[in-house]
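# Return atomic coordinates for the entry below.
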Amino acid sequence: MTERLYYSDSYLWTFEAQVIDRAEVNGQPAVILDRSAFYPEGGGQPSDRGTLNNVNVVDVITREADEAVLHVLSAEVDDRVTGVVDSARRFDLMQQHTGQHILSQAFVQAANAETVSFHLNPDPLEGALTIDLNTAQLSSAQIDRAEELANAIVFENRPIAARFVTESELQTLPLRKPPKVDAAIRIVQIEGFDWSACGGTHVARTGEVGLIKIVKLERRGAETRVEFRCGRRALHDYRRKNQLIMQIASDLTVGFWELDQAIGRMQSDAKALRKQLSEADTRLQQYEARELLESIEPRGDYGLIAHAWLNRDTAYLKRVASLLVARPNTVALLGSTGAALSLVFARSKDLSIDLATLLKAAAAQLGGKGGGSPDFAQAGGLAVTEEQLKATIEWAVGQVKQEAEHGG
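Alright, predicted model coming up:
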């Protein structure tokens, strides 16, 4: 078995070791060492990275069959190695993992909410850090209290110790939750605050965690997912958001403290403009419908209207079509292209032409899909040229005429 050096010293970045066995993982060489400071993925904490004799360690995993620690490598190494752990990555993971212990205990005390799962993304800048709590009922006051308590523990710079305990010792400790193993139980203790069974790596004092900041909450059934950042990740998150806020404030020529008022005014103005635009759009639709009705092509007992636009959406076409077929004995074959393809085929209720089948065939010619009822059908798809659209509508016109001539 590999002696796991990180158990006694999470800050050990360099070590000497002997290869005691070799293996292969997904086609890459892997070695088992007699001793190692590399942490294998487990308990929600990602594995370490670094080098063995300057060869990249691309993953560190625990083999299920015998609990051996496999160091997956980019190339083979000699039997005697010097290991170097990526200290920046390790320290980031130590900050985040310790911060999780603190915040989980803070939620127990502030909201009687227990952590049921934990996820730590290894990306030191964008990686999400989440805990899932066993409650969907968290008030803003409880969230604030948990965050305040967690940061108070950080600011007090309490010592953190990790050690293996006996069964009898275990019974005397106020563990946050029962351990998942029944042998070789390692307890991480944050002085006077939290006792947790954990095999991961942690900082030596709470002050090293840095700021703990909750950034998002999401209800997930009976649970709540809490996303947060610690240390450098919190700093990066704050810097990015502050830059964004200051840029927006500059663009709007207001102070950042006035952003809520400025956005409120913009929303109000946008609402008024949308109303005006909707009213103007309705008048335009009515005007275009009247123009189209004036140019209707008589076809015996019905009138036929076919028209193609550029850059009109399906909602616009549907409204115009509804206005057109409100007139008895009317068929409207409408289309638009530009950013996207839209087709709307409609007829008045007093006719019996099946436009749903016709529309599907027309849409298929243009690479689109659609459907609907025999009297009102619509389709969409990728943009096509105006010439392609007009040609397809002309084809549909011919199909309608042919059906009418045969008594459809």
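# Going by C-alpha atoms from here, please, whenever you check contacts or count neighbours.
Will do.
# Which parts of the stretch 151-300 of the chain are strands?
For the stretch 151-300 of the chain, the strands defined by DSSP state E, counting those that start in this stretch occupy 160-165, 185-190, 194-197, 212-220, 223-230, 297-299.
# For Gly27, find the nearest of the ones you listed.
The closest of the strands of the stretch 151-300 of the chain to Gly27 is strand 185-190. By C-alpha to C-alpha, the value is 33.8 Å.
# what distance separates that closest one from the centre of its chain?
Relative to its chain's centre, strand 185-190 lies at 33 Å (C-alpha atoms, centre = their mean, to the nearest Å).
# List the pairing partners of that strand within its sheet, with orientation.
The partner list of strand 185-190 in its sheet, established with DSSP bridges, is strand 160-165 (antiparallel), strand 194-197 (antiparallel).
# Return the most buried member of those strands.
Per-stretch averages of neighbours, counted by mean count of other C-alpha atoms under 10 Å, single out strand 194-197 among the strands paired with strand 185-190, with a mean of 21.
# Just tell me which of the strands paired with strand 185-190 ends up closest to Ala332.
Nearest to Ala332 among the strands paired with strand 185-190 is strand 194-197 (71.4 Å), distances taken as C-alpha to C-alpha.
# ok, and what's touching the closest one?
For strand 194-197, contacts defined as C-alpha atoms under 8 Å, 6 or more residues apart in numbering pick out 101-102, 105, 173-179, 185-189.
# Nearest to the spatial middle of the protein, which residue is it?
Most central in the chain under C-alpha atoms, centre = their mean is Ala128, positioned 10.1 Å from the mean C-alpha point.
# Quick check: that one vs Arg233, distance?
Between Ala128 and Arg233 the distance, using C-alpha to C-alpha, to the nearest Å, works out to 9 Å.
# Low-confidence ranges, the stretch 301-408 of the chain, go.
Scanning the stretch 301-408 of the chain for pLDDT under 70 picks out the ranges 404-408.
# contacting residues for the residue nearest to Gly207 when sequence neighbours are not counted?
Taking C-alpha to C-alpha, 6 or more residues apart in numbering as the measure, Gly207 lies nearest to Asn157, with 4.3 Å between them; neighbours along the chain are not counted. When contacts are counted by C-alpha under 8 Å, 6+ apart, Asn157 is found next to Arg205, Thr206, Gly207, Glu208.
# ok, 10 Å please
With contacts defined as C-alpha atoms under 10 Å, 6 or more residues apart in numbering, the neighbours of Asn157 are Asn151, Ile190, Glu191, Ala204, Arg205, Thr206, Gly207, Glu208, Val209, Gly210.
# Compare those and tell me which is most surrounded.
Counting neighbours by other C-alpha atoms under 10 Å, Val209 comes out on top of the contacts of Asn157 with 28 neighbours.
# Most remote residue from the middle of the protein, which is it?
In the chain, the greatest distance from the average C-alpha position (C-alpha atoms, centre = their mean) is reached by Gly300, at 57.9 Å.
# related to what we said a few turns ago, farthest pair within the contacts of Asn157?
With C-alpha to C-alpha as the measure, no two of these lie farther apart than Glu191 and Gly210, at 16.9 Å.
# Roughly how far does the residue nearest to Gly207 sit from Cys198?
According to C-alpha to C-alpha, Asn157 stands 20 Å off from Cys198.
# Equivalent analysis for Arg299, please.
Taking C-alpha to C-alpha as the measure, Arg299 falls 82 Å from Cys198.
# Who has more neighbours out of these two?
With neighbours defined as other C-alpha under 10 Å, Arg299 and Cys198 compare such that Cys198 has more, 21 against 15.
# That one against Arg186, yeah?
Yes: between Cys198 and Arg186 there is a contact under C-alpha atoms under 10 Å: 5.8 Å.
# show me the contacts for Leu93.
45-48, 87, 99, 120-124, 200-203, 230.
# how close does the nearest residue to Asp313 once chain neighbours are set aside sit to His307?
Leaving aside its sequence neighbours, Asp313 sits nearest to Ser342 (C-alpha to C-alpha, 6+ apart; 6.6 Å). In this structure, Ser342 lies at 12 Å from His307, with C-alpha to C-alpha as the measure.
# what touches both of the two?
Residues touching both Ser342 and His307 by C-alpha under 10 Å, 6+ apart: Leu334, Gly335, Ser336, Leu389.
# centre of the chain versus stretch 372-390, how much separation?
Averaged over its C-alpha atoms, stretch 372-390 has a centre that lies 33 Å from its chain's centre (C-alpha atoms, centre = their mean).
# Now that stretch: buried residues?
Along stretch 372-390, the positions that meet the burial threshold by neighbour count (16 or more other C-alpha atoms under 10 Å) are 372, 374-381, 383-384, 386, 389-390.
# What's the local residue count around Gly83?
Around Gly83 there are 23 other residues, counting by other C-alpha under 10 Å.
# The residue nearest to it when sequence neighbours are not counted bridge partners, please.
Computed as C-alpha to C-alpha, 6+ apart, the closest residue to Gly83 that is not its neighbour in sequence is Leu52, at 4.5 Å. When bridges are called by DSSP bridges, Leu52 pairs up with Val55, Gly83.
# Do I have it right that Leu52 meets Thr82?
Yes: under the contact definition of C-alpha under 10 Å, Leu52 touches Thr82, with a separation of 5.6 Å.
# Identify the contacts common to these two.
Common neighbours of Leu52 and Thr82, counting by C-alpha under 10 Å, 6+ apart, are Thr14, Phe15, Glu16, Ala17.
# Name the strands paired with the lowest-mean-pLDDT helix or strand in the chain and say parallel or antiparallel.
Least confident element among the helices and strands of the chain, by mean pLDDT, DSSP states H and E: strand 297-299 (a mean of 80). Applying DSSP bridges, strand 297-299 is found paired with strand 302-310 (antiparallel).
# tell me, how many neighbours does Gly335 end up with?
By other C-alpha under 10 Å, the residues close to Gly335 number 28.
# Which residues are in contact with it?
Taking C-alpha under 10 Å, 6+ apart as the definition of contact, the neighbours of Gly335 are 306-314, 317, 341-345, 378-380, 386, 389-390, 392-393.
# now the helix or strand encompassing it, how far from the centre of its chain.
With secondary structure defined by DSSP states H and E, Gly335 is part of strand 330-337. Put simply, strand 330-337 sits 40 Å off its chain's centre (C-alpha atoms, centre = their mean).
# All set now, cheers.
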